[in-house]
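In: starting from these lines, generate the structure:
(one chain, ligands or ions: 1)
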Amino acid sequence: MPRIIFVEPDGSEHPVLIGSGMTAMEAAISRSVPGIDADCGGSCSCSTCHVHVDPAWIDIVGRATGMEEDILDFAVNAGECSRLSCQIRITAELDGLRLIIPEWQR
Ligand code: FES
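Out: Numbering: from 1, shown residues only. Purely as a prediction, here's the structure:
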């Protein structure tokens, strides 16, 4: 079972085991990870699940495209490695993925 790690701005880590096929947002919500609210329930329309992908992982995870990219235009402090965690579907190759929670979401 893949394990992903949510990292708070102060460096606190929240490792979460997640079944393949679930999204990173669903993993965060299941463990009440602070800063991931997911107000729209994963329909790619709110940006309250915004995370920064650890740069070491961005080529494996892939960058935002299409509607996700449009929504991120409205997110505070979005950057090159920003993703909506509801759009990151977990696979075995993402075991060890680190996702950083933006400061303003805490
Ligand atoms: Fe709303 Fe991800 S949960 S955009």
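In: C-alpha only now, for contacts and for neighbours.
Out: Noted.
In: where does the chain dip in pLDDT?
Out: Within the chain, the segments meeting pLDDT under 70 span 106.
In: ok, which stretches of the chain are helices?
Out: For the chain, the helices defined by DSSP state H occupy 24-30, 58-61, 66-72.
In: helices and strands around the first one, which ones?
Out: Right, the one you point to is helix 24-30. Helix 24-30 sits against strand 13-17, with contacts defined as 3 or more CA pairs under 8 Å, 6 or more residues apart in numbering; DSSP states H and E.
In: off-centre distance for the strand it packs on?
Out: Mean-position distance between strand 13-17 and its chain equals 12 Å (CA atoms, centre = their mean, to the nearest Å).
In: buried ones in that strand, by neighbour count?
Out: For strand 13-17, a neighbour-count test (16 or more other CA atoms under 10 Å) marks His14, Pro15, Val16, Leu17 as buried.
In: can you check which of the helices of the chain gets nearest to Cys46?
Out: Closest of the helices of the chain to Cys46 is helix 66-72, at 7.2 Å (criterion: CA to CA).
In: with just CA atoms, put the closest one into CSV.
Out: Coordinates of each C-alpha in helix 66-72 appear next as CSV, following Å, rounded to 0.1, in the frame of the first residue of the first chain:
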residue,chain,number,x,y,z
GLY,A,66,-6.6,22.0,-18.2
MET,A,67,-9.2,22.9,-15.7
GLU,A,68,-6.9,22.1,-12.8
GLU,A,69,-4.4,24.6,-14.1
ASP,A,70,-7.2,27.2,-14.4
ILE,A,71,-8.3,26.7,-10.8
LEU,A,72,-4.7,27.0,-9.6
